[in-house]
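only geometry, no sequence info:
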């Protein structure tokens, strides 16, 4: 019975956590339609999440695209199917690797930053100061970051997809002997609009989840340096797991037979 009670407590704790996150998300979205708004905070979040994330997104995707081309060529050589490298690199980057890698990089870079920043504000009582100044912390801190991440992530995913395909192109033409024109033609002809729409949609969802987890764990941080560290770690882990789970669900929705 103790074993069953332990399982029951774990399940109830998980359901309670899901409920708290859902209520936090609903409250965040509800502030979108009620003034006041803070465009300066929104602009700063756009720069921090979008522009300053471009270097890590570019480096991650270009090396992944190049490695993917090498792996597909090596695997295809076993079945005399080396010619499929451009097509598989394109579909692999656009449908899966591009959105997921960018989402995980944003979780590592942005979610941790948001959680640490807001948790530190809570520990140093800056959030309490906002309340005394009649400023809603959810509207001032959470909404601009979540909205900025949701809007800018599809752009980052599009950039990551393009750079990843370019990485495969550079390896394919410079290392594997593909004709540049043929490689680009096969890439463009193989991609469909559904692939691009699914990639950008995943980016928006992943951005929402990454920023939401950073804000949620930051707002719920315990006092002290240990609380800030725990909030940052929990935010990154939760965002990464939710991004991978959401990727499976969205892939099922877009491409289920």
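The structure has been received and is ready for your questions. From a predicted model like this one, the values you see are computed outputs, not experimental measurements. Residues are numbered from 1 along each chain as shown.

any low-confidence regions in the protein?
Residue ranges of the chain with pLDDT under 70: 257.

please, where are all the helices along this protein?
Using DSSP state H, the helices of the chain run over residues 2-30, 39-49, 54-77, 85-91, 98-106, 112-123, 126-132, 137, 143-174, 180-190, 193-219, 224-255.

burial-wise, tell me which of the ones you listed comes out on top.
With neighbours taken as mean count of other CB atoms under 10 Å, these reach their highest mean count in helix 98-106, at a mean of 25. Quick note: C-beta positions are derived from backbone N, CA and C, even for glycine.

contacting residues around it?
49, 53, 56-57, 60-61, 64, 149, 153, 156-157, 160-161, 164, 199, 202-203, 206-207, 209-210, 240, 243-244, 247 (CB atoms under 8 Å, 6 or more residues apart in numbering).

what's the answer for stretch 85-96, then?
Contacts of stretch 85-96 (CB under 8 Å, 6+ apart): 61, 64-65, 68-69, 72-73, 76, 160-161, 164-165, 168-169, 172, 176, 178, 182-184, 186-187, 190-191, 195-196, 198-199, 247, 251, 255.

equivalent analysis for stretch 173-186, please.
Contacts of stretch 173-186 (CB under 8 Å, 6+ apart): 69-70, 73, 82, 85-87, 169, 172.

thought residue 61 was touching residue 164?
Yes: counting by CB atoms under 8 Å, residue 61 touches residue 164, with 3.8 Å between them.

quick check: neighbours shared by those two?
93, 97-98, 101.

among the residues you listed, which two are most distant?
Across these, the longest distance by CB to CB is 8.8 Å; it joins 93 and 101.

residue 69 versus the residue nearest the centre of the chain, what's the distance?
For the chain, the residue nearest the mean C-alpha position is residue 103 (2.3 Å; CA atoms, centre = their mean). Relative to residue 69, residue 103 is positioned 22 Å away (CB to CB, to the nearest Å).

check residue 147 too.
36 Å.

try residue 139
Distance from residue 139 to residue 69, by CB to CB: 46 Å.

got it, and residue 250?
In terms of CB to CB, residue 250 sits 25 Å off from residue 69.
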